[in-house]
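In: Structure for the following, please:
(one chain, ligands or ions: 1)
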Amino acid sequence: MPPITLYFLQASRSIRTAWLLEELNLDYTVQFSDRVNQKAPEEFKAASGNPLGKSPMIRDGDLTVYESGVISESGKVLPLDRAQRVKVRQWVHAAEATFMLHSLAILYARWNIPSDAPSGTVEAAEKGMSTNVQNDLAWLENELSSSSSSSGKFLCGESVTAADIMMQFSADFILARELGTKGKEYPAIRKWLEVCKGTEGYKRAVEKTGHKL
Ligand SMILES: N[C@@H](CCC(=O)N[C@@H](CS)C(=O)NCC(=O)O)C(=O)O
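Out: As a prediction, this is how the structure comes out:
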């Protein structure tokens, strides 16, 4: 048995950790669960050992680690050079604390505003919250437009870093669910997403987990 177990909830951030483990060439087993009514089933949450029941979670020997960001800051995907490392970590944190924070607000409005609310309530909430998401995506689009012409095809250079591993899911999720993106085009983001999805590590992660959004 490989020492690492990945708790993988379908259609979730768990793909980040599967991609990471593939990039690091680590052997691991996967405990899967599909969603039930958009949520992780209670038995899966309990088995994962994460107090919040959220995925991904890994068990590595007697160590359990949750939060995809901290898991991603591992091995060769975190550059040793101080300036590069800071830049990569900036994207690692932005992936959750900026991009997911702003976009999930829209998804939660869609899920939680009661269906008998006055007509147009969800749309108005969504419109108000789109400004943050569009600013975030404009930042990423600009960064990718300038970085691909100067320093490489990935977010922070010529090879996959934790920045790609974390940000790929955030951007893919926002575009797939159209969270505040109506009427906007993001060609550099879409091109980079294809580059990420075309890496051998990402393809192996999808093959192993069946990840789909
Ligand atoms: N900040 C955490 C977020 C984890 C999280 O919210 N995971 C979601 C899936 S993307 C989850 O497990 N949801 C299941 C549920 O709430 O039932 C991370 O990056 O790992």
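In: From now on I want contacts and neighbour counts done on CA atoms only, so please keep to that.
Out: Noted.
In: Torsion angles phi and psi at Lys184?
Out: phi -110, psi 150 (degrees, to the nearest 10).
In: what about it, how many neighbours?
Out: 12 (other Cα atoms under 10 Å).
In: got it, and Glu73?
Out: By other Cα under 10 Å, the burial measure for Glu73, its neighbour count, is 21.
In: pLDDT score for it?
Out: According to the per-residue confidence, Glu73 scores 96 in pLDDT.
In: try Ser150
Out: Each residue has a pLDDT score; the one for Ser150 is 57.
In: Equivalent analysis for the one 4 residues further on, please.
Out: According to the per-residue confidence, Phe154 scores 95 in pLDDT.
In: Need the phi and psi values for the residue lying closest to Thr98 once chain neighbours are set aside.
Out: Nearest non-adjacent residue to Thr98, counting by Cα to Cα, 6 or more residues apart in numbering: Asp136, 7.4 Å away. Here the main-chain torsion angles of Asp136 (degrees, to the nearest 10) amount to phi -60, psi -50.
In: Could you list the buried residues of the worst-scoring helix or strand of the chain on mean pLDDT?
Out: Within the chain, judged by mean pLDDT, DSSP states H and E, the helix or strand with the poorest mean is helix 121-150; its value is a mean of 89. By 16 or more other Cα atoms under 10 Å, the buried positions in helix 121-150 come out as 121-122, 126, 129-130, 132-134, 136-138, 140-141, 144-145, 147-148.
In: Thanks a lot, catch you later.
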